[in-house]
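Trainee: Everything below, folded, please.
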Amino acid sequence: MTTNPTASVAPPSAASRLLERLVEGRESLDSPAAALQPAAEVARGRGLWRRIVTGEVLGHAAHPLMTDLPIGFFSSAALLDLAGGPAGRDAARRLVGAGLLSAPGAALTGLAEYAPLGKRPKRVAATHAALNTASLGLYAVSWALRPQRHRAGVAFGVAGLAVSGLSAYLGGHLAIGEKIGTTAPVEEAGIPQVVDAL
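Mentor: Okay, the predicted model is just below:
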């Protein structure tokens, strides 16, 4: 007996519908998205450099690997803020600093993937980049405030983590929903799906 491969596909979630309405379907984002293109093409480069920053040498996109560093540092800082007490304050600030220092690598690899995207994914990716930039700004303020105004520094860190979480949702949509960064065919329900963003 044959089955319809689309029969078991779930309807779009409320979050997906909201994403479509606010970001993917919003033509007003095309202009700011286009403004990122020159920087993305420089970041993407050519030859061996391109193979490194896109992750071709790894066999998959480099960007998710690089994002694990700032996400891990910032999340660890939040955990210390929550449970580390006064003894954890210096370590939490160092973790925020490490997150800030590791963020350029994540941004560079993200820009390298951005250059060849189509119009709709570019809207999501540009919003993702803007949210990440805002999050890093909040974390920079958090890092600067912590020695003298610890509570305010923690508050800015919490805000940075919240913005980063929203941005991570968009990044997950690009990587999983749109298969951005996929370098090999994916077989699902007997239907070959090849989406190559590199």
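Trainee: Can you pull up the most central residue in this structure?
Mentor: Centroid-nearest residue in the chain: G171, 4.1 Å away (criterion: C-alpha atoms, centre = their mean).
Trainee: What does the pLDDT read for it?
Mentor: You'll see G171 listed with a pLDDT of 88.
Trainee: Please read off the pLDDT at the residue nearest to it when sequence neighbours are not counted from the model.
Mentor: Distances taken as C-beta to C-beta, 6 or more residues apart in numbering place H128 nearest to G171, at 5.4 Å, with adjacent residues excluded. Glycine gets a C-beta too; all of them are placed from N, C-alpha and C. Here, the pLDDT recorded for H128 equals 93.
Trainee: these two touch, right, H128 and G172?
Mentor: No - with contacts counted by C-beta atoms under 8 Å, H128 stays clear of G172, the gap being 9.8 Å.
Trainee: Have a look at these two and say which one is more surrounded.
Mentor: A direct count of neighbours by other C-beta atoms under 10 Å for H128 and G172 places H128 higher, at 23 against 13.
Trainee: Which elements pack onto the helix or strand where the more buried one lies?
Mentor: H128 belongs to helix 119-145 when assigned by DSSP states H and E. Applying 3 or more C-beta pairs under 8 Å, 6 or more residues apart in numbering; DSSP states H and E, one finds that helix 119-145 contacts helix 30-35, helix 89-114, helix 150-172.
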